[in-house]
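Colleague: what would the 3D arrangement of this be:
(2 chains)
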Amino acid sequence: MPTETMIAPGFSDPVFQSQAAFRALLAALSEPGTLQQVAGEIAPPEGLATATATALLTLADYETPVWLPEALRNGPAGAWLRFHCAAALVDDPAEAAFAVIDGAADEPRLSAFNLGTDQFPDRSTTVIVQVAGLEGGPAITFSGPGIPGTRTITSQGLRARFIDELHENNAIYPLGVDVLLAHGEGLIGLPRSTQIEEVR
Amino acid sequence: MTIHQMPADNTKPAYNYAYLDEQTKRMIRRALLKAVAVPGYQVPFGSREMPLARGWGTGGIQITAAIIGPADTLKVIDQGADDTTNAVSIRRFFERTADARTCEATDDATIIQTRHRIPEAPLKPGQVIVYQVPTPEPLRRLEPREAETRKMHAWAEYGLMQVKLYEDIARYGEITKTYDYPVMVNGRYVMAPSPIPKFDNPKMHMSPALQLFGAGREKRIYALPPYTSVRSLDFEDHPFRIQSWTQPCGLCGAGDSYLDEVVIDDQGGRMFVCSDSHYCETRRAEGHRGTMLGDAAASGLVEETTP
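Modeller: Sure thing, here's the model as predicted:
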């Protein structure tokens, strides 16, 4: 069997590794803008950051359709997700409960995903945006629930219009997607309730 | 037969860590993440059968089971007390199923599961408070149809609630709701704070702790991230007020805590004591003495500690 079709292992201790990862995800989305770390205990498939792969192992299963960029979907990452999470991989971004996108790629826009409905805003997609770095980039300052005053992040490698997309996403609150920026073992949550205060 | 059934070879318990299976935990965790993203919105979830009756805190227990891990210390209170039946049972449940470290000190806990109170000691960043909620829908008594209340939340149509509060004022001269007092969260959703006394409502506003709400029977989860605006509904000319008492706690002399009225004889005698048992004990250990502490200690009801 060629090595590129081999499926890498998932959690070695699913109960406790997923619990620890979930607390990092909960902290990320309840305290937007804080840098949270997941344990680097898994070897993610090609194309997924450790944080992305850990988040999907923790949250995705047969109840949650996942959207991946086509190259990832047809590669080892798709096979890995199907095997470990039994998640359906969908073509249409609007059908996804979870999605992984490249922060630098132009498509798809955040508004292409499921934004929820006015009566069920919880049905929106959670979008994991893989970026080139979570520190050392241009500063974006946020406010909103979970943030005492304001909080600033300096992530790198986000497409130019991403800021506008976040603005639009917040403007339709309580609808909208919830964003997780991921790089390496780090995660930053930007739920729809978070507003952009300043971009420098 | 006990909950903790062991198979014949006595190696592993017959259930998963923290009782729930992993798929159920994932489902609850997904609901929790959406709940913190939309503060105050009630997320439907697939509430499971638990080994105690619905209405006894199954919503809170399921949330605690989905978040607890080996690094956590759990405190459970029922009406403020650590030593009442519901609190003791739930604490023991997690000691058995999750091998949980438990405590009574509010400061030491990382997860506080509560029924009907928020501890008097201020909560800290990093702590999680899990509320047991019987009726998550604040509009349910005004509109029994779920399809209608869902639309009212969707369109932020909260006039009915304001009218109800106004009718109280017109009839009785004040808003008569003293517990489960409705709040406006983040300027968007009206939320039931669970049956905590309105005395505790101001503690929710901009709290540094994460607040999670679980309603097992009604199958709803909702949340308040830390530092979230929580405003008790009121009117400009009838501002929200919390309860006050004419006397301090009879045991520890506290004048700033929520007091329970206790009937002590059949002659009409009564005393007021802190509902938060750990707060009262801490104050007594620090040397604070209420007027009735001597009597209570003499009848063996409390231990009189000397600092």
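Colleague: residues in contact with A:Tyr62?
Modeller: By C-beta atoms under 8 Å, 6 or more residues apart in numbering or on different chains, the contact set of A:Tyr62 is A:Cys85, A:Ala86, A:Ala87, A:Ala88. Yep, even glycine has a C-beta here, placed from its N, CA and C like the rest.
Colleague: can you give the domain ranges for chain B?
Modeller: The record's domain parsing of chain B by automatic domain parsing lists B:22-138+B:180-229, B:141-177, B:244-301.
Colleague: just the helices in chain A please.
Modeller: A:14-30, A:50-59, A:70-73, A:76-85, A:162-171 (DSSP state H).
Colleague: closest to A:Asp122 out of these?
Modeller: helix A:14-30 (12.6 Å; C-beta to C-beta).
Colleague: quick one: is the closest one near chain B?
Modeller: Yes - applying C-beta under 8 Å from any C-beta of the partner chain, one finds helix A:14-30 touching chain B at A:Pro14, A:Val15, A:Phe16, A:Ser18, A:Gln19, A:Ala20, A:Phe22, A:Arg23, A:Leu25, A:Leu26, A:Leu29, A:Ser30.
Colleague: just send those residues back as a markdown table, with neighbour count and pLDDT too.
Modeller: Below are the residues of helix A:14-30 next to chain B laid out as a markdown table (neighbours: other C-beta atoms under 10 Å in any protein chain shown; pLDDT from 0 to 100):
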| residue | neighbour count | pLDDT |
| --- | --- | --- |
| A:Pro14 | 14 | 95 |
| A:Val15 | 14 | 96 |
| A:Phe16 | 16 | 96 |
| A:Ser18 | 23 | 97 |
| A:Gln19 | 24 | 97 |
| A:Ala20 | 19 | 97 |
| A:Phe22 | 25 | 98 |
| A:Arg23 | 21 | 98 |
| A:Leu25 | 27 | 98 |
| A:Leu26 | 24 | 98 |
| A:Leu29 | 29 | 98 |
| A:Ser30 | 28 | 97 |
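Colleague: for the stretch 201-307 of chain B, which residues score under the pLDDT cut-off?
Modeller: B:304-307 (pLDDT under 70).
Colleague: what's the closest of the domains of chain B to A:Arg73?
Modeller: Nearest of the domains of chain B to A:Arg73, taken as C-beta to C-beta: domain B:22-138+B:180-229 at 21.3 Å.
Colleague: residues near B:Asp266, how many?
Modeller: The local packing of B:Asp266 (other C-beta atoms under 10 Å in any protein chain shown) involves 6 other residues.
Colleague: helix, strand, or coil at it?
Modeller: Three-state assignment for B:Asp266 (DSSP: H, G, I helix; E, B strand; the rest coil): coil.
Colleague: and the lengthiest helix in chain B, average pLDDT?
Modeller: In chain B, with assignment by DSSP H, the single longest helix is helix B:22-37. For helix B:22-37, the mean pLDDT works out to 98.
Colleague: does anything pack onto the next helix or strand after that helix? Which helices or strands?
Modeller: On the C-terminal side of helix B:22-37, the nearest following helix or strand under DSSP states H and E is strand B:43-44. Packing partners of strand B:43-44 (3 or more C-beta pairs under 8 Å, 6 or more residues apart in numbering or on different chains; DSSP states H and E): helix B:22-37, strand B:220-224.
Colleague: remind me what the helix or strand following strand B:43-44 packs against, helices and strands.
Modeller: Following strand B:43-44 in sequence order, the next helix or strand is helix B:58-67 (DSSP H and E). Contact partners of helix B:58-67 among helices and strands, from 3+ C-beta pairs under 8 Å, 6+ apart: helix A:14-30, helix B:22-37, helix B:85-97, strand B:111-115, strand B:128-132, strand B:210-215, strand B:220-224.
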